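*Asks:* whatever this is, show me its structure:
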Amino acid sequence: MINASYDKILFLDIETTPDKADFNELNAELQQLWTDKLNMLNMRNPERYSYDCPAEGYAQEAGIYAEFGRIVCISVGYCFRDKETGDRCIRTKSFCGEDESIIITDFMDLVARFFTTPNHSFCGHNIKEFDIPFICRRALINGIKLPDCLQIAGKKPWELNFIDTMELWKFGDYKTFTSLKTLTAVFGIPTPKDDIDGSEVARVYHKEHDIKRIATYCEKDVVATIQVFLRLKGEQCVNTNNIQSTH
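*Replies:* Down below sits the predicted model:
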């Protein structure tokens, strides 16, 4: 898939938060289910998941689990050549807001228009372990049908139309996780974490209600992923003057 044509790759990133602003807003059943989940995580890794109470753990951890979190932004991007100059350009777009079902539906509409052949692909950093599964799970929770390109149950790994920049960087080494921030640093690419990072999205969403700020951050992650992908192919990054946003 790394040899896929640039105009057939949809780069993406998502931002997620706990579904509710506060643990106490959950109904009794979900509170107990989250408590059970946190206890299980603590048993496996007590140093990582040691919290004074379920509410504290919910605020810090729930956003990464589709059963207890929600999508607040999906940003996408693609590469194209300027017809006049021939320069490679990047264009990004975000789907964000307070209604998760609208975010996912609008994203799926774009996917349906974009994925017109079996050669089209998604690309993202850790997309196979996080972004794609989270989108699929939240789509089903919201009663939204998955398009054919996301109907992945039963498919072989080589049949999936996903390009994962983290996986490409591993070169077969599965011992460690390499963050997008680390790759931008070693490749000399501007960091997407110059304002907020993933750990602050819940606060910005639930307390500051600044969705535009989250969309800007999410789009920076998409641009960084594209630049890393180009470097992994031995090519030059896109000039910052040729990066456009439509959100």
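*Asks:* how many neighbours does Ile104 have?
*Replies:* Residues lying near Ile104 (other C-beta atoms under 10 Å) number 23. (C-beta placed from N, C-alpha, C; glycine too.)
*Asks:* surely it forms part of a helix?
*Replies:* Yes: assessed by DSSP: H, G, I helix; E, B strand; the rest coil, Ile104 belongs to a helix.
*Asks:* wait, what's in contact with it?
*Replies:* Ile71, Ile74, Phe95, Ile135, Arg138, Ala139, Asn142, Ile144 (C-beta atoms under 8 Å, 6 or more residues apart in numbering).
*Asks:* can you tell me which helices and strands the longest strand seen in the chain packs against?
*Replies:* Criterion DSSP state E: the longest strand present in the chain is strand 69-81. Helices and strands touching strand 69-81, by 3 or more C-beta pairs under 8 Å, 6 or more residues apart in numbering; DSSP states H and E, are strand 9-18, strand 88-96, helix 100-114, helix 132-141, helix 211-232.
*Asks:* pLDDT value on the closest residue in space to Tyr65 that isn't next to it in sequence, please?
*Replies:* Closest residue in space to Tyr65, ignoring its immediate chain neighbours: Lys37 at 7.2 Å, by C-beta to C-beta, 6 or more residues apart in numbering. Looking at Lys37, its pLDDT is 96.
*Asks:* let's verify the residue of the chain most remote from its centre: helix, strand, or coil?
*Replies:* The centre of the chain is farthest from one residue, Glu84, which by C-alpha atoms, centre = their mean lies 32.5 Å away. Look at Glu84: counting by three-state DSSP, its state is coil.
*Asks:* got phi/psi on it?
*Replies:* Here the main-chain torsion angles of Glu84 (degrees, to the nearest 10) amount to phi -90, psi -50.
*Asks:* given the longest strand of the chain, what are its sheet partners and their directions?
*Replies:* Sheet pairing of strand 69-81 (DSSP bridges) gives strand 9-18 (antiparallel), strand 88-96 (antiparallel).
*Asks:* pLDDT (mean, whole number) over that strand?
*Replies:* Here the average pLDDT along strand 69-81 is 96.
*Asks:* how far is it from where the chain is centred?
*Replies:* 7 Å (C-alpha atoms, centre = their mean, to the nearest Å).
*Asks:* which parts of that strand are buried?
*Replies:* Of all the residues in strand 69-81, those buried under the rule 16 or more other C-beta atoms under 10 Å are Gly69, Arg70, Ile71, Val72, Cys73, Ile74, Ser75, Val76, Gly77, Tyr78, Cys79.
*Asks:* please apply the same query to stretch 43-63.
*Replies:* So for stretch 43-63, counting by 16+ other C-beta under 10 Å, buried means Tyr49, Pro54, Ala55, Gly57, Tyr58, Ala59, Glu61, Ala62, Gly63.
*Asks:* how far away is the last one from Arg203?
*Replies:* Read that as Gly63. Using C-beta to C-beta, to the nearest Å, we find Gly63 at a distance of 11 Å from Arg203.
*Asks:* ok, the fourth one next?
*Replies:* Distance check for Gly57 against Arg203: by C-beta to C-beta, it reads 16 Å.
*Asks:* now swap in the second one and tell me
*Replies:* Separation of Pro54 from Arg203 (C-beta to C-beta) stands at 19 Å.
*Asks:* same check, this time on Phe171
*Replies:* From Phe171 to Arg203 the distance is 36 Å (C-beta to C-beta).
*Asks:* between these two, which one's more packed in?
*Replies:* Higher neighbour count among Phe171 and Arg203: Arg203, with 14 against 6, using other C-beta under 10 Å.
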